[in-house]
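> Prediction below, plus the sequence it came from.
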Amino acid sequence: MRRSHALAMLCVLWLAGSAMAAAPQQGAPKPPSNDDCMACHSDAGAVRANGRSVAVKPDAFGASIHGAGGLACIDCHADLAKATEFPHAEKLAPAQCATCHDKAVAAYDTSVHAQARRAGGLLAANCADCHGAHDITPSADPTSRTHHLRLIETCGRCHGDEEIIKRGKIAIGNVVDLFKDSIHGKALIRSGLSVAPTCSDCHGNHDIRRKSDPESRIFRKTIPATCSKCHEGVGREYWESVHGTQVAKGSPLAPVCTSCHTAHQIRRSDVEGWKLEVIKECGTCHEQSLNTYRDTFHGQVTALGYSRVASCADCHGAHNVFPKADPRSQVATGNLVASCKKCHFGATENFAKYDPHGDPGNRERNPMLFYTTKFMQMLLLGVFTFFGIHTGLWFGRGLQQKAAARRTRGKDDSTEDGE
């Protein structure tokens, strides 16, 4: 006889005995107790007909938040409370977490995971995928799947598995590996810093939504507020800046945190590589400014891979960027000398008149540069025209002289032949 059949018979005998013992005292069948359930399910080899394990570790359940709280098996598996025949049916109704956790389940129903499951995406996470089943422990417990330091591991079971990503058609790809190499991931995983953000700090927990959802924590307009939960000081600077005020007005073009820092692969802002790459990020919006910057000494040196010269943030600020007309701006007329002195200690007012974005094509911004450029262009054109004509005439004269010389030599040869 197969092992599962033997276990089934054991269940029958155990529960039948329990029912007979209770019959004289009660008219209705007594619901199975946890001990009754464990009589079968505590066996590590307990399986369904399809081979799927239905074993429950008594110690793990006893240490869980449900077991320690005195919760009975039938509190979750409610259809067993009225069962009269054992072994019970092969397929039971799913445990209804909403019976106790109504708010969490209501939040989950609005999430991208719930939406995916309703659309047939059975790979999308449900309660048990994140919390476990019979061994659930509080998130404050270091062994919990939802503990701050272990959550990346839990989320990574799907979002770090290439096969699940492919089958589930998760467009964002393997973000877990990117996160592990980020400044946040290294602080969390390598340094064990509990203050470092993990998945739920940015995305939420039960109510995770798509980034296109205005209610999402990672919706474009909401991202600065999400990041400000940790980076409070930077957040205050950003919201007062020209970028933050434009985002608050609903601008779809003004940059938010992820525009410059990215999302899952955020790096330290003081490393050389990031300093050089962020210049290109500024140029995605300020293309003309990037072009004029590249024409200068600063721009050409950074293009060669050196970061010890002024970049965008050194002059304009990073999170506290203001228009030049704003007296708070680092490039406002009254602040220019101080800004230049950060690198050029002997900078004066005359030194600060240098335009690091000189545009020879902009007459209004740089009239002297504009007319000087025009003069040089005309001078260059005149020089090339003059010497082009001169060379052409000289070349033509040379051809004429060579032709005349050939004719003279021909006459001389004819004379000599006649003689």
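All right, it came through fine. Quantities reported herein were computed from a predicted structural model and do not represent experimental measurements.
> Excluding chain neighbours, what is closest to Cys97?
Closest residue to Cys97 apart from its sequence neighbours, by CB to CB, 6 or more residues apart in numbering: Cys127 at 5.0 Å. Any C-beta I mention is one placed from the backbone N, CA and C, and that applies to glycine too.
> Pull the number of nearby residues for the one you found.
19 (other CB atoms under 10 Å).
> So it is in contact with Ser111, correct?
No - contact criterion CB atoms under 8 Å: Cys127 and Ser111 do not qualify, at 11.3 Å.
> that older thread, for the residue nearest to Cys97, what are its contacts?
For Cys127, the contact set (CB atoms under 8 Å, 6 or more residues apart in numbering) comprises Cys97, Val105, Tyr108.
> Same question for Ser339.
For Ser339, the contact set (CB under 8 Å, 6+ apart) comprises Cys315, Gln330, Val331, Ala352.
> That one: which element?
Element membership of Ser339, judged by DSSP states H and E, is helix 336-341.
> for that helix, which positions count as buried?
Neighbour counts using 16 or more other CB atoms under 10 Å place Leu336, Val337, Ser339, Cys340 of helix 336-341 among the buried residues.
> Show me what the helix or strand following it is packed against.
Following helix 336-341 in sequence order, the next helix or strand is helix 367-418 (DSSP H and E). In terms of contacts (3 or more CB pairs under 8 Å, 6 or more residues apart in numbering; DSSP states H and E), helix 367-418 is not packed against any helix or strand.
> tell me which element Trp274 is part of?
Element membership for Trp274 (DSSP H and E) is helix 272-283.
> What's the mean pLDDT across that helix?
Averaged over helix 272-283, pLDDT sits at 91.
> Does it pack against any helices or strands, and if so which?
Packed next to helix 272-283, using 3+ CB pairs under 8 Å, 6+ apart, are helix 257-261, helix 287-294, helix 312-316.
> His148: which of these is closest?
Nearest of the helices and strands packed on helix 272-283 to His148, taken as CB to CB: helix 257-261 at 21.3 Å.
> got the CA coordinates for the closest one in PDB?
The C-alpha coordinates for helix 257-261 follow below in PDB (Å, rounded to 0.1, in the frame of the first residue of the first chain):
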ATOM      1  CA  CYS A 257      15.100  61.700  -8.300                       C
ATOM      2  CA  THR A 258      15.300  58.700 -10.600                       C
ATOM      3  CA  SER A 259      15.900  60.900 -13.700                       C
ATOM      4  CA  CYS A 260      19.400  61.500 -12.400                       C
ATOM      5  CA  HIS A 261      20.100  58.700  -9.900                       C
END
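> which residues sit against that helix?
When contacts are defined by CB under 8 Å, 6+ apart, helix 257-261 is touched by residues Ile223, Pro224, Cys227, Tyr238, Arg267, Ser269, Val278, Glu281, Cys282.
> Can you give me the buried ones in it?
By neighbour count with 16+ other CB under 10 Å, helix 257-261 contains the buried residues Cys257, Thr258, Ser259, Cys260, His261.
> repeat for stretch 186-198
Quick answer for stretch 186-198 (16+ other CB under 10 Å): Lys186, Leu188, Ile189, Ala196, Pro197, Thr198.
> I'd like the residues you listed as JSON lines, with pLDDT appended.
Formatted as JSON lines, the buried residues of stretch 186-198 follow (pLDDT from 0 to 100):
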{"residue": "Lys186", "pLDDT": "95"}
{"residue": "Leu188", "pLDDT": "95"}
{"residue": "Ile189", "pLDDT": "94"}
{"residue": "Ala196", "pLDDT": "95"}
{"residue": "Pro197", "pLDDT": "96"}
{"residue": "Thr198", "pLDDT": "96"}
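> tell me the domain boundaries of the protein?
Using automatic domain parsing, the domains assigned to the chain come out as 1-95, 104-219, 272-353, 362-391.
> how far away is Thr391 from Met378?
Using CB to CB, to the nearest Å, Thr391 is found at 20 Å from Met378.
> what angle separates the helix holding Trp274 from helix 287-294?
Compare the direction of helix 272-283 with that of helix 287-294 by axes from the mean of the first three to the mean of the last three CA atoms, to 10 degrees and you get 130 degrees.
> List the residues that contact Asn362.
By CB under 8 Å, 6+ apart, Asn362 lies in contact with Phe370.
> For the residue nearest to the spatial centre of the chain, what is the enclosing helix or strand?
The residue lying closest to the centre of the chain (CA atoms, centre = their mean) is Ala263, at 2.2 Å. For Ala263, there is no enclosing helix or strand under DSSP H and E.
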